[in-house]
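**Q** Using only what follows, build the 3D model:
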Amino acid sequence: MAWRLNKGDWSEAYVFLKLLAEGRIYSGDEDLNKVLSVYMDVLKIIRKNLGVKNEYAINTDKKEHSCNDWKITKAATCQDQGEKQSVCTECGETITRSIEKIPHTGGNWEVVKEATAFEEGLKKLHCKNCDEKSCI
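**A** Numbers count the residues shown, from 1 in each chain. Here you go, the predicted model:
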């Protein structure tokens, strides 16, 4: 029996298999990168096609990983998320989690436009870490 599927059918099949394999839906950041620390567990997939309802249960016997000692593999900065890793004491799997960006740290002020009696001025605050400028 040959399968004849269109692009949408193949996309649906891929997502279905990916959800069954991972058992989680992950969030993404503003650049659409997977955020490993923000996810929802998938307990069941319900699909209805041509009036037939199929339910696929995800293995709910799966335990949460038990991690004690986390090592920072990439430090978080004010521009990029960091990353930490640990080894699960139950299964031995290496677990990776993201570390949120740190806030910008105020540094030097730069006067962009002097205030006058008729107009407000404009100042920029430079971040000590990345030199990002915030207007105030």
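**Q** can you give me the helices in this structure?
**A** Assigned by DSSP state H, the chain shows helices spanning 7-22.
**Q** who's the residue most central in space within the chain bridged to?
**A** With distances taken as C-alpha atoms, centre = their mean, the chain has residue 35 as the residue nearest its mean C-alpha position (1.6 Å). Residue 35 has these beta-bridge partners by DSSP bridges: residue 27.
**Q** now do the one 10 residues further on
**A** Counting by DSSP bridges, residue 45 is bridged to residue 56.
**Q** pLDDT at it, what is it?
**A** We have a pLDDT of 83 for residue 45.
**Q** so who does it touch?
**A** If you count contacts by C-beta atoms under 8 Å, 6 or more residues apart in numbering, residue 45 has them with 16, 19-20, 55-56, 58. (Each C-beta comes from the backbone N, C-alpha and C, glycine too.)
**Q** Show me which of those residues are buried.
**A** Among the contacts of residue 45, the ones that count as buried by 16 or more other C-beta atoms under 10 Å are residue 58.
**Q** can I get the contacts of residue 45 in TSV with distance to residue 110?
**A** Converted to TSV, the contacts of residue 45 look like this (distance: C-beta to C-beta, whole Å):
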residue	distance to residue 110
16	54
19	50
20	54
55	61
56	58
58	54
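**Q** Can you lay out the contacts of residue 45 as TSV showing pLDDT and distance to residue 100?
**A** TSV is the format used below for the contacts of residue 45 (pLDDT from 0 to 100; distance: C-beta to C-beta, whole Å):
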residue	pLDDT	distance to residue 100
16	83	31
19	82	26
20	80	30
55	83	36
56	79	33
58	74	28
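**Q** Pick the one among the contacts of residue 45 closest to residue 115.
**A** residue 19 (57.0 Å; C-beta to C-beta).
**Q** The closest one contacts residue 44, correct?
**A** No: Residue 19 is not in contact with residue 44 according to C-beta atoms under 8 Å; the separation is 10.1 Å.
**Q** Kindly point out which residues are neighbours of both of these two.
**A** Contacts common to residue 19 and residue 44, judged by C-beta under 8 Å, 6+ apart, are residue 58.
**Q** which residues of the protein fall in strands?
**A** Using DSSP state E, the strands found in the chain span residues 24-28, 34-41, 44-49, 52-57, 71-74, 82-87, 94-99, 106-113, 122-127, 133-135.
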